[in-house]
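A.B. asks: Sequence and predicted structure, then a few things I'm wondering about:
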Amino acid sequence: MGIPSHSEFKQGWTLLLITLIGTTTSASYIPLYSFGPLAQDLSTALNVSLSDIQKIITFNFVGIAIGSQLAGWLVERYNPRHIILCSLLFYAASYTLLGTVELSTTIVYLLYFLIPIVGCGALIVSWTHLVCQRFEKQRGLALAITLSGSGVASTLAPLLLSMVVGTEHWQQGFYILAALPALTLVICFFALPKPSKRKPVTDKHRPRETSHLAPGISYLQALKTRHLWTMLASFTLVAFVIVTMITNTVPILVHKGLNQSQATMLFSVFGVSLIIGRLSSGYFLDRYSGPVVAFIALLLPTLGCLIFYLTSTNTGLMVLAIGLVGAAAGAEFDILAYLVSRYFGLRAYAKIFGALSGTITLGSGMSPFIYGPILDSAGGYSTLLLVCAIAAAIGSSLMLSLGAYPQLSQLKTVS
């Protein structure tokens, strides 16, 4: 309890580095951020339109939703090291298969769906679980550093794939992607802490990271709290807005008069602002009220959408709008992981966070089915931007209803 914050980082920096690498190569992010560079080649190889190829992301997000809940269940019952190593092996094998077989629409959809399921231990549920077990005083910043891997992934995946996309050897890009979890597997095999041998059952020998001994409530108890359902509603609304803006920002910029190259260049601000948003939220979460920090961070997409709605050709304002959405995207799951640990404790953290993050991902993955009809009926982006601004405003405001953190050590737990 009285561990100095600097001591946490001094003792836990190795684990933090491992989880950062794990998040960077995670099945939560690599399929998403590698999809854009591969989209045109996939479209040509499968002989389907670029709009139809977008369904791959929906299949992948459904897989993440299932895999996140499966990861939560497995991590609570078995040693996380074993789950992570096995998952990384199957995750790498799946991408290797994509690079080897003759591709068809069915095979691509199926494998993108299965990657986050067979690689469930390499989703952010496992990495944040390890961080929450090790860090207490500066948990917010530790989570932010770990989850900054998403920003690294958004830069790393396109950069690595640029060597092969658009060439006759483009399918070898899947081997490159397979190498990322394979490298993480080697690092985790040698560096991830092994389970300690069982000691006599005394308070002195009880491992600090044993989740069923940690303060907090069970998964079933959490389902009965208003906090869980408030978080689910809030983050689902904001996630819908963020995914909608990620997939539509470049078209919006083109619609405003920029060419494809200029629009893509401006959108590069997103990755930088994502990392800034993530680290900033972690810093503030350790110092100020979580619900207030969450409200401010999740309100940023509202401001970004309104700027897009009101401005036409001001490049500086459009960069600001992209940065605001990117900062919220960076802060989102960092804040969720932190709030889950503070409101429900660590006893069933992996299961609760897995269920929440998986359901939120599933909801955001359905966003094309919502914004598609809006775009078709409106014939432009103005209506969509207003809908997104309102959704993010409602979602962020829900955070203010959470109230103070409970005293977890006093909560009644059930077996």
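C.D. replies: The structure has been received and is ready for your questions. Numbers count the residues shown, from 1 in each chain.

A.B. asks: roughly how far out does stretch 294-304 sit from the chain middle?
C.D. replies: Centroid displacement of stretch 294-304 relative to its chain, using CA atoms, centre = their mean, to the nearest Å, is 17 Å.

A.B. asks: quick one: contacts of it?
C.D. replies: Here stretch 294-304 makes contact (CB atoms under 8 Å, 6 or more residues apart in numbering) with 234-235, 238, 241-242, 245, 277, 281, 320-325, 327-328, 331-332, 335, 339, 388-390, 392-393, 395-397, 399-400, 402. (Glycine included, C-beta is placed from N, CA and C.)

A.B. asks: Stretch 43-51 now?
C.D. replies: With CB under 8 Å, 6+ apart as the test, stretch 43-51 has contacts from 39, 40, 52, 53, 103, 104, 105, 108, 170, 171.

A.B. asks: Among the residues you listed, which are located in helices?
C.D. replies: 39, 40, 52, 53, 105, 108 (DSSP state H).

A.B. asks: and the two most separated of the residues you listed?
C.D. replies: Greatest spacing in the ones in helices among the contacts of stretch 43-51, by CB to CB: 40 and 105 (15.6 Å).

A.B. asks: low pLDDT regions in the stretch 201-350 of the chain?
C.D. replies: Low-confidence segments of the stretch 201-350 of the chain (pLDDT under 70): 201-213, 260.

A.B. asks: if we look at stretch 166-173, which residues are touching it?
C.D. replies: With contacts defined as CB under 8 Å, 6+ apart, stretch 166-173 is touched by 34, 37-38, 40-41, 45, 98-99, 103, 160-161, 164-165.

A.B. asks: Among the residues you listed, which has the minimum pLDDT value?
C.D. replies: Within those, pLDDT reaches its minimum at residue 40, with 80.

A.B. asks: rewinding a little: among the contacts of stretch 294-304, name the ones in helices.
C.D. replies: Mapping the contacts of stretch 294-304 onto helices (DSSP H) picks out 234-235, 238, 241-242, 245, 277, 281, 320-325, 327-328, 331-332, 335, 339, 388-390, 392-393, 395-397.

A.B. asks: which of the ones in helices among the contacts of stretch 43-51 are buried?
C.D. replies: The neighbour-count test (16 or more other CB atoms under 10 Å) marks 39, 53, 105, 108 as buried among the ones in helices among the contacts of stretch 43-51.

A.B. asks: From residue 32, how far out is the residue nearest to the third one when sequence neighbours are not counted?
C.D. replies: This means residue 105. Nearest residue to residue 105 in three dimensions, chain neighbours excluded: residue 46, at 5.1 Å (CB to CB, 6 or more residues apart in numbering). According to CB to CB, to the nearest Å, residue 46 stands 19 Å off from residue 32.

A.B. asks: and if you look at residue 248?
C.D. replies: Taken as CB to CB, the span from residue 248 to residue 32 is 15 Å.

A.B. asks: care to break the protein down by domain?
C.D. replies: Per automatic domain parsing, the structural domains of the chain span 7-205, 215-402.

A.B. asks: quick one: which helix or strand includes residue 160?
C.D. replies: Per DSSP states H and E: residue 160 is located in helix 149-161.

A.B. asks: sorry, back to before: for the contacts of stretch 166-173, which ChimeraX command selects only the ones that are buried?
C.D. replies: Of the contacts of stretch 166-173, the buried ones can be selected in ChimeraX as follows, counting by 16+ other CB under 10 Å:
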select :34,37,38,41,45,98,103,160,161,164,165
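
A.B. asks: of the contacts of stretch 166-173, closest to residue 178?
C.D. replies: Of the contacts of stretch 166-173, the one sitting nearest to residue 178 (CB to CB) turns out to be residue 99, at 6.7 Å.

A.B. asks: Need the nearest residue in space to that closest one, chain neighbours excluded.
C.D. replies: Excluding the flanking residues, the one nearest residue 99 by CB to CB, 6+ apart is residue 174, at 3.4 Å.
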